[in-house]
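Student: Turn this into a model:
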Amino acid sequence: MKKLLILLFLFGNFAGFGQTTKYIWREAGGKYHQKKYNEAIKDLNLAIQLEPNFEKLYNTKGACNHELEKYDEAIANYSIAIKLKPTYYAAIYNRAKSYLNNNFTEAIEDYTKVISKCKNDYEAYTWRGYCFNELGKYNEAILDFDKAINIKKKYSDAYYYRAIAKNKLNDKIGACADWKKALELGYKEAQKMLDENCK
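Tutor: Predicted coordinates for the structure are as follows:
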């Protein structure tokens with residue numbers, strides 16, 4: 001509370017609390033990039049007291065909790081941001097990333113929303129494909145990896161994970177070709193898959 005009062009004294013009222021909360025949010029963003037996640041969260045909590053409907057505060061807080069591996073808290077933070085602004089696609093994308101740790105079905109729903117807005121987001125296609133892989137839906141996964149590769153020909157992740165799907169479907173030739181391509185593009189883990197599956 002003392003820090004909150006000091007900030008209000010320094011910044012005054014301005015137009016509501018907007019200037020103060022934006023300053024705190026920017027400061028918290030700097031701490032996030034310095035990997036000072038707990039410090040950033042303390043600042044964001046202060047800002048939320050001032051302006052509880054500023055959706056970016058919750059998105060940044062979610063990012064901090066994600067890095068701290070507090071995925072449920074991160075998801076809760078992102079969900080508040082999205083409730084405040086349903087078209088906040090950065091928060092939807094970030095929530096999907098946190099869902100990757102415990103709920104692939106929910107992650108797919110969020111990546112689908114992102115793709116509906118950003119049809120050339122090859123990373124969203126790749127991560128949705130990854131989720132399909134984890135759920136054993138290999139044909140759906142391959143379709144997403146194909147789309148990612150069509151958008152960005154040299155995206156090694158898409159080749160690597162498409163190889164996994166093809167391997168699960170007993171397409172050994174296709175899988176090995178994709179792992180080889182992933183390795184050529186710098187995905188070092190592909191070498192192990194080649195050694196284990198493509199001799």
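Student: what number of residues lie near the residue nearest to K154 when sequence neighbours are not counted?
Tutor: The shortest distance from K154 to any residue other than its chain neighbours is 5.5 Å, reached at L185 (CB to CB, 6 or more residues apart in numbering). No exception for glycine: its C-beta is placed from N, CA and C like everyone else's. By other CB atoms under 10 Å, 16 other residues sit near L185.
Student: try D171
Tutor: Neighbour count for D171, taken as other CB under 10 Å: 17.
Student: Quick check on it: phi, psi?
Tutor: Its backbone dihedrals place D171 at phi -90, psi 80, with angles given as degrees, to the nearest 10.
Student: now it: how far from N101?
Tutor: Computed with CB to CB, to the nearest Å, the distance linking D171 and N101 is 29 Å.
Student: now do N53
Tutor: On the measure of CB to CB, N53 and N101 end up 28 Å apart.
Student: Please say which of those two ends up with more neighbours.
Tutor: Counted by other CB under 10 Å, N53 and N101 do not tie: N101 has more neighbours, with 14 against 10.
Student: you'd agree the more buried one is up against K70?
Tutor: No - judged on CB atoms under 8 Å, N101 makes no contact with K70 at a distance of 10.3 Å.
Student: And for Y93, nearest residue in space, chain neighbours not counted?
Tutor: Nearest-residue entry for Y93: V114, 5.1 Å, with adjacent residues in sequence omitted and distances by CB to CB, 6+ apart.
Student: Counting neighbours, what do you get for K172?
Tutor: Counted with other CB under 10 Å, the neighbours of K172 add up to 13.
Student: Show me where this structure has its helices.
Tutor: Listed from the start of the chain, the chain has helices (DSSP state H) covering 2-11, 18-33, 37-50, 55-67, 71-84, 89-99, 104-117, 122-134, 138-151, 156-168, 172-184, 190-197.
Student: Turn those helices into CSV, including mean pLDDT.
Tutor: Conversion of these to CSV gives the following (pLDDT from 0 to 100):
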stretch, mean pLDDT
helix 2-11, 39
helix 18-33, 89
helix 37-50, 96
helix 55-67, 98
helix 71-84, 98
helix 89-99, 97
helix 104-117, 97
helix 122-134, 98
helix 138-151, 98
helix 156-168, 98
helix 172-184, 98
helix 190-197, 97
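Student: thinking again about what came up before, so how far is C198 from the residue nearest to Y93?
Tutor: V114 sits 33 Å away from C198, taking CB to CB as the criterion.
Student: Show me which of these two is the more surrounded one.
Tutor: When V114 and C198 are compared for neighbours, V114 comes out ahead with 21 against 16, by other CB under 10 Å.
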